[in-house]
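Peer 1: pasting the sequence and the predicted model now:
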Amino acid sequence: MTMDNQRRIPFLSKSRFTAGLQCHKRLYLECFNRQLADAVTDQQQMIFDSGTDVGMLARGLFPGGLLISEDYTDHEGAMASTRIHLATGTPRPLYEAAFVHDRIRIRSDVLVPTGRDQFDLVEVKSTSKVKEEHLYDVGIQWYVLRGLGIKVRHVCICHLNTDYVYKGGPYDLGQLFRVADLTEECELRMLEIPSLLAGMRRALAASEAPSIRTGRHCAIPYQCPFYGHCHRNQTEHPVMQLPRAGERLLSALEASGIEDIRDIPPGFPGMNALQRRVRDCVASDRWYLAPELSSRLRGLKYPIHFLDFEAFNPALPVYEGTRPYQVIPFQWSVHTLEAGGNLRHREFLHEGNDNPQEAFAETLLTALEGSGPIIVYSSYEATRIRELADALPGLSHRLYSLLDGRLVDLLQLIRTHCYHPLFHGSFSMKSVLPALAPHLGYDDLAISDGTMASAAYSEMVRPATAPERKQEIREQLLAYCKRDTLAEVELFRLFTD
């Protein structure tokens, strides 16, 4: 590598290092073409903000610490402050300590002095468990600290404990968090880091981004911020759209030079029955509909209820008796179709600051009392009903009665008996509806999916949210959930007419 190329290679950071682990092209674009990244959605920003909140709260596990700086644009100033505190031998933990070594800049969440010029390195994650990528995240920090001669006793990941039950008031931090000592695991990852860095720097020394084909790595462990850019010119029906295609099948297709489902020859080995159906429908540009789907739906007795839930799962529990990331349903919509064709709609949206579970369950039971099948789209509603039954013993028997032969999963029926080329490999409502009932979509709604609904509800119940904004969100949530059950009605009518 020439001296000019060495000077051209930008500094790395722990975020750039993890980007390079996912894909060298992503790393290159992060460094030189950041403007090509997809826009950060409100939902992604909510996740980022939640991570920040968790990180700040976790500092309470290591009290009395010194915050070096939260200004990530002034790394030089943060390093100078870090050096001063380390030179004085402070016994206090350091938050956001800044270092640089081997042209790698890092900021450590928590650096805890343990005596004898040693420290414990703690990386805080808002996840519920340690993940493989976390080991490299903290491993690159240890690499920098070791390179600077700073002795690290333990390397730890601090994450949320989903067994913790919130009792109200201040969080019990010792129960809310778990601190996992991963020193041995990270020591093994440290052996890989020099060669990983060398590969990344070779890619960054090039005059243009490396040519890397899109694939499963584009969404593992997270969707790449350049996903839209890299997929902008992809074929209409890429092989990645084969449902549940594993690495072996995708590798075989790649080895055969096949990128589009339409180019897969009949009888290609390694495909299951559903994948073969998808291939046949796409290749012939025809949709598949087995008569069993219509006969199953026509056999249902009226009245027929169409049900949809919305829920949120805050990282930090907000209601007594709940846990981190516990799913809390806050809204339901029910359309009821009578034998004569009359269609009624009922709905519920919790608007108070208290736990919505009981009011949600009681109103739902009233809306669904009596008889009649309940059509849902996926197993999501059944799972939530079981959780509510466990959480609300007084309503448990009535809630379980909803599961006693009444739920009909339209998603599974469609997956088994129907496929349209415009599904593009997905059986979600957002993929099925535009293909089969294009007149009824979500483009006219401010909230168009469950993740957006969750984020909107979190904003609506926040005390600081202005009343007019709360009302705006309320109307948007009601419109979205109503559209979901109306979509179920339209699909039912399509298959039974």
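Peer 2: Here it is on my side, so go on. Numbering: from 1, shown residues only.
Peer 1: which stretches of the stretch 201-350 of the chain form strands?
Peer 2: Secondary structure of the stretch 201-350 of the chain (DSSP state E, counting those that start in this stretch): strands located at 288-289, 304-312, 328-337, 343-349.
Peer 1: in a markdown table, list these along with mean pLDDT and mean neighbour count.
Peer 2: From N, CA and C alone the C-beta is placed, and that goes for glycine too. Formatted as a markdown table, these follow (pLDDT from 0 to 100; neighbours: other CB atoms under 10 Å):
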| stretch | mean pLDDT | mean neighbour count |
| --- | --- | --- |
| strand 288-289 | 96 | 15 |
| strand 304-312 | 97 | 24 |
| strand 328-337 | 98 | 23 |
| strand 343-349 | 98 | 16 |
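Peer 1: check which helix or strand covers L121.
Peer 2: Element membership for L121, per DSSP states H and E: strand 118-124.
Peer 1: max-length helix in the chain?
Peer 2: Longest helix in the chain, counting residues (DSSP state H): helix 467-496.
Peer 1: wait, A315 sits on Y325?
Peer 2: Yes - contact criterion CB atoms under 8 Å: A315 and Y325 qualify, at 6.1 Å.
Peer 1: so these two - more neighbours on which side?
Peer 2: A315 (18 against 15; other CB atoms under 10 Å).
Peer 1: look up the closest residue to the more buried one, ignoring the ones flanking it.
Peer 2: S50 (4.7 Å; CB to CB, 6 or more residues apart in numbering).
Peer 1: my read: the one you found touches N313, true?
Peer 2: No - counting by CB under 8 Å, S50 stays clear of N313, with 10.4 Å between them.
Peer 1: point out where the protein drops to low pLDDT.
Peer 2: 1-7 (pLDDT under 70).
Peer 1: domains for it, by residue range?
Peer 2: For the chain, the structural domains run 3-203, 293-496, going by automatic domain parsing.
Peer 1: would you turn the strands of the stretch 201-350 of the chain into TSV with distance to M200?
Peer 2: TSV is the format used below for these (distance: least, CB to CB, whole Å):
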stretch	distance to M200
strand 288-289	46
strand 304-312	37
strand 328-337	41
strand 343-349	48
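Peer 1: of these, which is nearest Y72?
Peer 2: Closest of these to Y72 is strand 304-312, at 28.9 Å (criterion: CB to CB).
Peer 1: before we move on, the earlier item: does the residue nearest to A315 belong to a helix or a strand, and which?
Peer 2: With DSSP H and E as criterion, S50 is part of helix 42-58.
Peer 1: what does P434 give?
Peer 2: Going by DSSP H and E, P434 is part of helix 429-436.
Peer 1: ok, and for that helix, which residues are buried?
Peer 2: M429, V432, L433, P434, A435, L436 (16 or more other CB atoms under 10 Å).
Peer 1: off-centre distance for it?
Peer 2: In terms of CA atoms, centre = their mean, to the nearest Å, the centre of helix 429-436 is set 22 Å apart from its chain centre.
Peer 1: can you list the neighbours in contact with it?
Peer 2: 287, 377, 411, 414, 420-424, 426, 440-442, 448-449, 484, 487, 490-491, 494 (CB atoms under 8 Å, 6 or more residues apart in numbering).
Peer 1: got it, and stretch 341-355?
Peer 2: Contacts for stretch 341-355 (CB under 8 Å, 6+ apart): 319-322, 328, 330-338, 356, 359-360, 363-364, 367, 460-461, 463, 470, 474, 477-478, 481-482, 485-486, 489.
Peer 1: what pairs with the strand ranked longest in the chain, parallel or antiparallel?
Peer 2: Determined from DSSP state E, the single longest strand within the chain is strand 104-115. Sheet pairing for strand 104-115, assigned by DSSP bridges, gives strand 12-13 (parallel), strand 94-101 (antiparallel), strand 118-124 (antiparallel).
Peer 1: kindly reformat those as TSV containing distance to A78 and mean neighbour count.
Peer 2: Output for the strands paired with strand 104-115, formatted as TSV (distance: least, CB to CB, whole Å; neighbours: other CB atoms under 10 Å):
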stretch	distance to A78	mean neighbour count
strand 12-13	13	22
strand 94-101	4	22
strand 118-124	17	21
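Peer 1: returning to that earlier point: so which of the domains of the chain is nearest P265?
Peer 2: The nearest among the domains of the chain, by CB to CB, is domain 293-496 at 17.8 Å.
Peer 1: distance to A180 added to the strands paired with strand 104-115, as JSON lines?
Peer 2: Listed next are the strands paired with strand 104-115 as JSON lines, based on distance: least, CB to CB, whole Å:
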{"stretch": "strand 12-13", "distance to A180": "23"}
{"stretch": "strand 94-101", "distance to A180": "19"}
{"stretch": "strand 118-124", "distance to A180": "10"}
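Peer 1: circling back: ok, which of the domains of the chain comes nearest Q241?
Peer 2: Here domain 293-496 is closest among the domains of the chain (CB to CB), at 3.1 Å.
Peer 1: nearest residue to the middle of the chain?
Peer 2: Y222 (7.9 Å; CA atoms, centre = their mean).
Peer 1: for that one, give me phi and psi.
Peer 2: Dihedral angles phi and psi of Y222 (degrees, to the nearest 10) take the values phi -140, psi 160.
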